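Peer 1: coords please:
(one chain, ligands or ions: 1)
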Amino acid sequence: MKAGVIAVQGDVSEHAAAIREAAAARGVDAEVVEIRESGIVPSCDALLVPGGESTTISGLLADEGIDEEIRAHVADGDPVLATCAGLIVASRDAKDDRVATLDVLDVTVDRNAFGRQADSFEAPLDVTGFDEPFPAVFIRAPVVDEVGEDVTVLARWDGDAVAVRQGPVVATAFHPELTGDSRIHDLAFFSEEAGVGSVDDSESEATA
Ligand code: GLN
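Peer 2: Below is the predicted model of the structure:
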């Protein structure tokens, strides 16, 4: 499988490593490419929109025409993992005119919602389907505010939704690439709900 990481800014190499690790654990051969221009997204089986600054990321996606490519990718049912600023960019509304949201995830977000309380922190997070808590690193993180009816909340912190799924899109308010734990990348790209890792579906069923 080919995974594309939007490489405008953010933890590109950490995400690439987590994707490779999750793929290897599933016995999937993964190629990771960095995306800074249009024309690459259509060849990717899975996409990652990392953290950074949502105003910058969304502006560049729009300038380069990558925004439309991501919308088409999601419309095709192909998986996306959006983290932190990526969640903000993926949302329906970031309540901030400086962010051109992709509207591929039916949520609204509050940018920097934790910022007032704690700039960054790590928390053991219970995530639906995980046996052990996930070590979640929050860095000037948003929280999910309104959640559309097709959106499943996968994790909450202090009552607020911080990990969600809608169809092929998984989004986290935290940074899953910083702790060497690739379960979120696995969930987004290789789990049964995502279904890309299984290049050959019959084979994955046989080994399941
Ligand atoms: N606060 C940033 C924003 O609003 C997101 C921070 C992050 O990605 N770690 O875009």
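Peer 1: Now A141, what are its backbone angles?
Peer 2: Main-chain torsions, A141, degrees, to the nearest 10: phi -80, psi 150.
Peer 1: tell me which element V144 falls in.
Peer 2: strand 143-147 (DSSP states H and E).
Peer 1: OK, contacts around the residue nearest to P176 when sequence neighbours are not counted?
Peer 2: Excluding the flanking residues, the one nearest P176 by Cβ to Cβ, 6 or more residues apart in numbering is I184, at 3.6 Å. The C-beta positions use only the backbone N, C-alpha and C, and glycine is treated the same way. Residues in contact with I184 (Cβ atoms under 8 Å, 6 or more residues apart in numbering) are A18, L81, T83, V127, F134, A163, V170, T172, P176.
Peer 1: Name all residues that make contact with the nearest residue to L81 once chain neighbours are set aside.
Peer 2: Using Cβ to Cβ, 6+ apart and skipping the chain neighbours, the partner closest in space to L81 is A188 (3.6 Å). Contact partners of A188, counting by Cβ under 8 Å, 6+ apart, are A46, L48, P79, V80, L81, V170, A194.
Peer 1: Now go through these and say which are in strands.
Peer 2: Cross-referencing the contacts of A188 against strands under DSSP state E gives A46, L48, V80, L81, V170.
Peer 1: So which elements touch the helix or strand hosting I19?
Peer 2: Using DSSP H and E, I19 maps to helix 12-25. If contacts are counted by 3 or more Cβ pairs under 8 Å, 6 or more residues apart in numbering; DSSP states H and E, helix 12-25 sits against strand 2-6, strand 31-35, strand 46-49, helix 183-189.
Peer 1: let's go with 7 Å and repeat that
Peer 2: The contact analysis (3 or more Cβ pairs under 7 Å, 6 or more residues apart in numbering; DSSP states H and E) places helix 12-25 against strand 2-6, strand 31-35, helix 183-189.
Peer 1: which bits of this structure sit near the ligand?
Peer 2: G51, G52, E53, S54, C84, A85, I88, R111, N112, I139, R140 (Cβ under 6 Å from any ligand atom).
Peer 1: In helices, which of these fall?
Peer 2: S54, A85, I88 (DSSP state H).
Peer 1: Select from those residues the one having the most neighbours.
Peer 2: Within those, most neighbours by other Cβ atoms under 10 Å means I88, with 35 neighbours.
Peer 1: Could I get the contacting residues of the residue lying closest to that one once chain neighbours are set aside?
Peer 2: Distances taken as Cβ to Cβ, 6+ apart put S54 closest to I88, at 3.9 Å, once the chain neighbours are dropped. With contacts defined as Cβ atoms under 7 Å, 6 or more residues apart in numbering, the neighbours of S54 are A85, I88, V89, A94, V99, R111.
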